[in-house]
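Participant: Provided below for reference: sequence and predicted model.
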Amino acid sequence: MPKHSETRHLPYTPEQMFDMVADIGRYPEFLPWVSAMRVRSDSDTETVADMIVGFKGLRETFTSRVAKQRPHSINVDYIDGPLKYLRNEWRFRAEEGGCAVDFSVDFAFKNRVFEMLAGQVFGTALRRMIGAFEDRARKLYGSNSSSAHNAA
């Protein structure tokens with residue numbers, strides 16, 4: 001059952017980071033292994049969407065409910081797919097020069113084979129995905145705090 005938490009200090013505002021993470025329809029543009037997103041419903045406070053993920057010939061669809069509290073937090077709760085459960089949380093806290101992004105994910109697969117495969121590649125996959133979010137923020141908002149704050 002992979003689980004991970006970390007905090008990153010980034011030169012962007014909480015609003016910028018919130019907007020980027022909440023824009024799940026764009027995930028296929030920059031997140032590895034995400035081949036499509038299908039948004040079922042979307043409002044200022046909640047999104048329900050299907051994420052289609054492909055990895056080494058496997059293709060799975062995950063349905064999640066995304067609760068949004070702009071600009072402070074995004075909570076992802078699993079609805080349906082190949083997992084027993086999934087909990088993903090994002091917290092955005094203003095700090096001098098940008099914001100702190102608290103990220104945590106906890107999940108387990110229904111299938112033991114998937115669970116074993118996930119355990120073997122979890123660290124590498126997580127680093128690639130976190131890096132993809134950071135690269136996306138740089139692309140959208142610039143690479144330093146002055147340009148990040150001016151882009152808001």
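Facilitator: Thanks, I have the structure now. Keep in mind that this is a model prediction, so the values were computed, not measured.
Participant: which parts of the longest helix seen in the chain are buried?
Facilitator: Ranked by number of residues, the top helix in the chain under DSSP state H is helix 112-141. By neighbour count on 16 or more other CB atoms under 10 Å, the buried set for helix 112-141 is 114-115, 118, 129-130, 132-133, 136-138, 140-141. C-beta here means a position set from N, CA and C on the backbone, and glycine is covered the same way.
Participant: cool, stretch 21-38 as well?
Facilitator: 21-22, 24, 27, 31, 33-34, 37.
Participant: tell me the helices in this protein, going along the chain?
Facilitator: 14-22, 27-30, 112-141, 145-150.
Participant: helices or strands next to the shortest one in the packing?
Facilitator: In terms of contact count using 3 or more CB pairs under 8 Å, 6 or more residues apart in numbering; DSSP states H and E, helix 27-30 is assigned the packing partners strand 34-42, helix 112-141.
Participant: Next up, the contacts around the closest residue in space to residue 14 that isn't next to it in sequence.
Facilitator: Using CB to CB, 6 or more residues apart in numbering and skipping the chain neighbours, the partner closest in space to residue 14 is residue 92 (3.7 Å). Taking CB atoms under 8 Å, 6 or more residues apart in numbering, we find residue 92 in contact with 14-15, 17-18, 71-73, 99-102.
Participant: Of those residues - the most surrounded one?
Facilitator: When neighbours are taken as other CB atoms under 10 Å, the top entry among these is residue 17 (27 neighbours).
Participant: separation between the residue lying closest to it once chain neighbours are set aside and residue 15?
Facilitator: What sits nearest to residue 17 in space, not counting adjacent residues and going by CB to CB, 6+ apart, is residue 92, at 5.0 Å. As defined by CB to CB, to the nearest Å, residue 92 lies at a distance of 8 Å from residue 15.
Participant: now residue 42
Facilitator: 18 Å.
Participant: likewise residue 29?
Facilitator: In terms of CB to CB, residue 29 sits 20 Å off from residue 15.
Participant: ok, back up a step: looking at the helices of the chain, which is closest to residue 60?
Facilitator: helix 112-141 (8.5 Å; CB to CB).
Participant: Tell me the helices and strands packed up against the closest one.
Facilitator: Using 3+ CB pairs under 8 Å, 6+ apart, helix 112-141 is in contact with strand 3-10, helix 14-22, helix 27-30, strand 98-109, helix 145-150.
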